[in-house]
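>>> Generate a structure from the sequence data that follows.
(chains A and B)
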Amino acid sequence: MADLPRPAHMDDPVRDAAFKVELVALIPQLRAFARSLTGDATAADDLAQDSMVKAWDARASFQMGTNMKAWTFMILRNQFYSEKRRSWRQTQLDQQASENTLVAIDDPMAPMALDELRLALATLPAEQREALILVGASGCAYEEAAAICGCAVGTVKSRVSRARRALQGILDRGDYVRDGRAAGEAMGSILADAELLSGAA
Amino acid sequence: MDIAWRQGGVIEDMAIKPRPDRRQALDETRLRQQVLGEKLRQMFNEVASEPVPDAFLEILRRAEPRGTGDE
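Have a look, this model is predicted:
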């Protein structure tokens, strides 16, 4: 784990303290976002810690009072794709193989810790997955998600919509692999939940 | 009766309204999406509600300028 740099010209104890309070409050969400991108708890915490270091290092460029969640999520996302690109260069894996490695869905041990939804999410294209996680899970507004992903709001809306439809289709068909077998039972459990919800309504 | 008269004499064909089975399918789709949304939030919140490992706070503790730490 790297020590954080502390350039003398940046020392502003009051501002640093305020920055730190906000950053600490965001750690749980950074960890959750990292977990959704990597699909692996250890890799996610490494990613979140690296991103926190980068955020701290770049704190002078952050304007207090603006949206630190979007800012730190953007740093984490950039870090994730930067590492992913580096990994591709090192191992020369093709895109599909890399996606599979990233979420470890072909690892006989790893899937035991992942639920059907997580496995199904892993089969989505990366840009759809992150859009759905940001908007559908982390509570980001479309505008925040667009700023984090560096694209237009309409693009995020389109990605979220396509991701929702695709996810439902994947779960319907059981189009993902669990322990080397097709997992067709997922939508059954989703529907059972839907029936419970319907009965409660 | 298959048709109904609206004010102004416009004919509305009852057959173009969503049929009960189509409406049911739409309701089911909405319900599924609602459940998926709940599960997505649950998946995210489960991680977000875990205790933060000490390593995260240790990074920030080491970064604090001398004399301004919490301890």
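>>> Nearest residue to residue A:20 in space, ignoring adjacent ones along the chain?
Closest residue to residue A:20 apart from its sequence neighbours, by CB to CB, 6 or more residues apart in numbering or on different chains: residue B:60 at 5.7 Å. C-beta coordinates here come from the backbone N, C-alpha and C atoms, glycine included.
>>> so what's the one you found up against?
A:4, A:20, A:23, A:24, A:52, A:56 (CB atoms under 8 Å, 6 or more residues apart in numbering or on different chains).
>>> Distance check, it against residue A:139.
24 Å (CB to CB, to the nearest Å).
>>> check contacts around residue A:26.
A:68, A:69, A:72.
>>> got a list of what the first one touches?
So the one you mean is residue A:68. A:22, A:23, A:26, A:62.
>>> Serialize these to a markdown table and add fields for pLDDT and secondary structure.
Putting the contacts of residue A:68 into a markdown table (pLDDT from 0 to 100; DSSP: H, G, I helix; E, B strand; the rest coil) gives the following:
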| residue | pLDDT | secondary structure |
| --- | --- | --- |
| A:22 | 95 | helix |
| A:23 | 96 | helix |
| A:26 | 97 | helix |
| A:62 | 94 | coil |
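>>> where does chain A have low pLDDT?
A:1-11, A:88-115, A:174-201 (pLDDT under 70).
>>> now do 90
A:1-14, A:16-17, A:37-40, A:83-123, A:167-201 (pLDDT under 90).
>>> show me where it has helices.
Here chain A has its helices, by DSSP state H, at A:13-38, A:41-57, A:68-91, A:95-103, A:116-122, A:126-132, A:142-149, A:153-173, A:186-200.
>>> Show me what the fifth one is packed against.
If I follow you right, that is helix A:116-122. helix A:95-103, helix A:126-132, helix A:153-173, strand A:177-178, helix A:186-200, helix B:20-48 (3 or more CB pairs under 8 Å, 6 or more residues apart in numbering or on different chains; DSSP states H and E).
>>> Tell me, how many residues neighbour residue B:49?
Close neighbours of residue B:49, defined as other CB atoms under 10 Å in any protein chain shown, add up to 9.
>>> can you pull the contacts of it?
Contacts of residue B:49 by CB under 8 Å, 6+ apart are residue A:28.
>>> let's see 10 Å
If a contact means CB atoms under 10 Å, 6 or more residues apart in numbering or on different chains, then residue B:49 has A:28, A:32 as its contacts.
>>> pLDDT below threshold where in chain B?
B:1-39, B:42, B:59-71.
>>> can you do 80?
Low-confidence segments of chain B, defined by pLDDT under 80: B:1-20, B:22, B:25-26, B:63-71.
>>> hmm, stretch A:162-175 in reach of chain B?
Yes. Stretch A:162-175 reaches chain B (CB under 10 Å from any CB of the partner chain) through A:163, A:164, A:165, A:167, A:168, A:171, A:172.
>>> so what are the domain limits for chain A?
Domain ranges of chain A: A:11-92, A:114-201, per automatic domain parsing.
>>> who's in contact with the closest residue to residue A:54 other than its chain neighbours?
In this structure, residue A:54 finds its nearest non-sequential neighbour in residue A:75, 5.2 Å apart by CB to CB, 6+ apart. Going by CB under 10 Å, 6+ apart, residue A:75 touches A:30, A:50, A:51, A:52, A:53, A:54, A:55, A:57, A:58, A:62, A:148.
>>> Write the ChimeraX selection for whichever of the residues you listed are buried.
If you want just the buried ones from the contacts of residue A:75 in ChimeraX, going by 16 or more other CB atoms under 10 Å in any protein chain shown, the selection is:
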select /A:30,50,51,52,53,54,55,57,62,148
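>>> can you confirm the residue nearest to residue A:20 is in a strand?
No. Per DSSP: H, G, I helix; E, B strand; the rest coil, residue B:60 lies outside any strand segment and is helix.
>>> quick one on the thing from earlier: pick out whichever of the contacts of residue A:26 sits closest to residue A:44.
The closest of these to residue A:44 turns out to be residue A:72 (CB to CB; 14.4 Å).
>>> Touching, that closest one and residue A:24? I think so.
No. In this structure, residue A:72 is not within contact of residue A:24 by CB atoms under 10 Å, at 11.3 Å.
>>> Please say which of these two ends up with more neighbours.
The neighbour comparison of residue A:72 against residue A:24 (other CB under 10 Å) goes to residue A:72, with 25 against 14.
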